[in-house]
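Visitor: Quick one, fold the following:
(one chain, ligands or ions: 1)
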Amino acid sequence: MKKIILSLVIIVFLSLNAVSQTFCETSSYSPNKDLFVNTDRIPNHQYYIDYMPYSFCVKIYVHVIRRDDGTGGQSVSNVNDALGYLDDAYNPYNIFFDLNGIIHYIDDTYLYNSPSSIMNPNNTQYDHQNGIDIYLFDDFVNHPISGNGYGMASGVGDNPTKLMVTGSFGANNEYPLVRSHVLSHEMGHVLNLWHTHHGTVTETGDPDQCPEFVDGSNSDICGDYIIDTPADPGLGFNVDTSTCEWLGSGIDQNGEPYEPDELNLMSYSHPTCLTHITYRQARRVKTAMALVEHLQWVSTYTHSGNPCDPASLNYYPNSADDKLNLDLRNKPNNTYQYYLYDNYSVQILSGESVNVIETINTLTLDEGVYFLHFYDNGELVIKQIVITH
Ligand SMILES: [Zn+2]
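Guide: Predicted coordinates:
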C-alpha cells in the first residue's frame, strides 16, 4: 500500500510542477516524524541526547547513468566536483562521506531518458542497504514532464536511502544541478531534513503540517520543525542571483514580515545561492543517523577522530549506560583485542572481536571513569569512557 501511495505522490508532484521549474521533487512524507517533532529540544526527553559532539561517517555509493553505448553521464572530475559540494555542506559539522573511490556506471538508455524511474519503489536493483545510493544523470537530459532538471529523494528520512539528480536549471540550462548544492539538498532529505518552507507552504506527504511564525514561537512543531531556521514563506526561486536576496515580500499570521534565509540548503532559493545548513539542522541529521534504523545502517559515528578513516577507532556512546559499542566494520580484517580498566588501573574486563559491531555489556559496572585499551595492529590506543546509569 505504501508503495502505491509513494508512486501516486511522485506522479502528483511531477504533474504539479509541469508549469514552472523547480529543482526538487521529493515528497515531505517522513516515517520518523514522531521521533523528532516537539521532542528535539526538551532536555528531559529521551531523544534529547546531543549527538553534535560525535563525528559521523556516511557510506555512499555513486552511480552514473549513461546511454547503452557508454556515452553521456558524468566524467570522473564532475563526480568529484559534485561530491565536493557534499563535503562543503556537511564537513563543517563533522559529517563525512565515504565513497571508497569507486564510481558505478549504469549503461541503460531507457533509464538515461527516464531519470525519475530510478526512484520507482520497484526499481531497487542497484540499491544498497549499507550506504546511501546517489544516482547522477546527465546535465543535459530534459525530462519531458518536469523540465530541465531536478533532484529527488525517497522522502524525508525515508527508506530506501537513495537520491537522484539530473539535468540543469535556468532558462538556458546554465546551471548543472549535479554539480550544485541541489545534491546536498537531496542528501538533506535523505538525512531527515524538511524544506525550510515546509508547512508554511503546504506540501504533499506530511498530514499535520502548519505555518511557522516569524517570531519562532511555534518553530518546534510547525514549519520545518527546526528552531534555528527562520520562517520561510516559500522563496519559489524568486531570488536575485547576484545578491541572493529574496525578491518577494509577505507577512505571517501575526503580521510580521518574513526574513527568510536565502542561503539555506533546504530552501527554494536559486541553486547558486544555496550555501549551508544550520547547527540545528546538522543536529537533526546526526540524531536521525543515531536513532533511525535504516540510517544507522548507512552511517558510523565516533567520539574522536574521523570515523571514515579506517585507522580510527569508532566507539559509542560515551558516556555509556548498559552497553558500549565498538564499531570495527571499517577496519582492516583482523581479530582485535580490547580491555577495560577502571580509574585505579584494575582490569575490569577483556574481549576480542572480528570486524563487526562489538557490544560490551556495561550494565553491572559502577558509575565512573574507565579506560578502553584497544590493540590496533600491535599499537595500543587508549580511550576514556564514562559510565553513567
Ligand atoms: Zn527538496
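Visitor: so how far is stretch 69-87 off the chain centroid?
Guide: Chain-centre distance of stretch 69-87: 19 Å, with CA atoms, centre = their mean, to the nearest Å.
Visitor: ok, for the residue nearest the centre of the chain, nearest residue in space, not its chain neighbours?
Guide: Compute the mean C-alpha point of the chain, and by CA atoms, centre = their mean the closest residue is residue 191, 2.7 Å away. Nearest non-adjacent residue to residue 191, counting by CB to CB, 6 or more residues apart in numbering: residue 285, 4.2 Å away. The C-beta positions use only the backbone N, C-alpha and C, and glycine is treated the same way.
Visitor: next one: residue 287
Guide: Residue 287's closest residue in space is residue 51 (CB to CB, 6+ apart), at 5.3 Å.
Visitor: what about stretch 84-93, average pLDDT?
Guide: Across stretch 84-93, the average pLDDT comes to 97.
Visitor: and what of stretch 305-321?
Guide: Rounded mean pLDDT across stretch 305-321 is 80.
Visitor: Adjacent strands (with direction) for the helix or strand hosting residue 370?
Guide: Assessed by DSSP states H and E, residue 370 sits inside strand 368-376. Strand pairing for strand 368-376, determined by DSSP bridges: strand 336-341 (antiparallel), strand 379-387 (antiparallel).
Visitor: for residue 288, phi and psi?
Guide: Dihedral pair for residue 288: phi -60, psi -40, per degrees, to the nearest 10.
Visitor: who touches it in this structure?
Guide: By CB atoms under 8 Å, 6 or more residues apart in numbering, the residues touching residue 288 are 32, 35, 36, 157, 191, 192, 295.
Visitor: Return the list of helices and strands in contact with the helix or strand where residue 186 lies.
Guide: Remark: residue 186 resides in helix 182-190, with elements defined by DSSP H and E. Counting contacts by 3 or more CB pairs under 8 Å, 6 or more residues apart in numbering; DSSP states H and E, helix 182-190 packs against helix 76-90, strand 132-136, strand 149-153, strand 162-169.
Visitor: Where does pLDDT dip in the stretch 251-389 of the chain?
Guide: 304, 310-311 (pLDDT under 70).
Visitor: Can you name the residue of it nearest the ion?
Guide: In the stretch 251-389 of the chain, the residue that lies nearest the ion is residue 266 (6.8 Å; CB to the ion).
Visitor: Just say helix, strand or coil for that residue.
Guide: In three-state terms, and counting by DSSP: H, G, I helix; E, B strand; the rest coil, residue 266 is coil.
Visitor: roughly how far apart are it and residue 72?
Guide: 30 Å (CB to CB, to the nearest Å).
Visitor: between the two, who's got more neighbours?
Guide: Ranked by neighbour count (other CB atoms under 10 Å), residue 266 and residue 72 place residue 266 first, with 25 against 19.
Visitor: Would you confirm that that one contacts residue 224?
Guide: Yes: with contact defined as CB atoms under 8 Å, residue 266 counts as touching residue 224 (6.7 Å).
Visitor: Now list whatever residues contact both of these two.
Guide: 193, 194, 195, 196.
Visitor: what's around the residue nearest to the last one when sequence neighbours are not counted, how many residues?
Guide: Pointing back at residue 196 there. Take residue 196 and drop its neighbours on the chain: the residue closest to it by CB to CB, 6+ apart is residue 232, 3.9 Å away. Neighbourhood size, residue 232 [other CB under 10 Å]: 28.
Visitor: What residues does residue 232 make contact with?
Guide: 195, 196, 197, 200, 212, 223, 224, 258, 260, 261, 264, 267.
Visitor: CSV for those residues, including neighbour count, secondary structure and distance to residue 163?
Guide: Output for the contacts of residue 232, formatted as CSV (neighbours: other CB atoms under 10 Å; DSSP: H, G, I helix; E, B strand; the rest coil; distance: CB to CB, whole Å):
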residue, neighbour count, secondary structure, distance to residue 163
195, 26, coil, 15
196, 31, coil, 18
197, 26, coil, 20
200, 25, coil, 24
212, 30, coil, 25
223, 27, coil, 23
224, 27, coil, 18
258, 20, coil, 28
260, 25, coil, 24
261, 21, coil, 22
264, 28, strand, 18
267, 26, coil, 18
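Visitor: thinking again about what came up before, out of the strands paired with strand 368-376, which gets nearest to residue 97?
Guide: strand 379-387 (24.3 Å; CB to CB).
Visitor: wait, isn't residue 380 in contact with residue 371?
Guide: No: Residue 380 sits out of contact with residue 371 when judged by CB under 8 Å, with a separation of 10.8 Å.
Visitor: Neighbour count: those two, which is higher?
Guide: residue 371 (16 against 10).
Visitor: For the nearest residue to that one once chain neighbours are set aside, name its beta-bridge partners.
Guide: Of all residues not flanking residue 371 in the chain, residue 341 sits nearest, at 4.6 Å (CB to CB, 6+ apart). Residue 341 has the following beta-bridge partners by DSSP bridges: residue 347, residue 371.
Visitor: same deal with residue 375?
Guide: residue 380.
Visitor: got the contact list for it?
Guide: 336, 337, 338, 381.
Visitor: With adjacent residues omitted, what lies nearest to the third one?
Guide: Closest residue in space to residue 338, ignoring its immediate chain neighbours: residue 374 at 4.9 Å, by CB to CB, 6+ apart.
Visitor: secondary structure class for residue 22?
Guide: Judged by three-state DSSP, the three-state class of residue 22 is coil.
Visitor: Quick one: neighbours of it, just the number.
Guide: Residues near residue 22, counting by other CB under 10 Å: 17.
Visitor: For it, which non-adjacent residue is spatially closest?
Guide: Once flanking residues are discounted, residue 22 sits nearest to residue 150: 6.3 Å by CB to CB, 6+ apart.
Visitor: Pick out the residue in the chain sitting closest to the ion.
Guide: For the chain, CB to the ion, closest residue to the ion: residue 24, 3.1 Å.
Visitor: Once you drop chain neighbours, what's closest to that residue?
Guide: Residue 24 sits nearest to residue 151 (CB to CB, 6+ apart), 5.6 Å away.
Visitor: Thanks a lot, see you next time.
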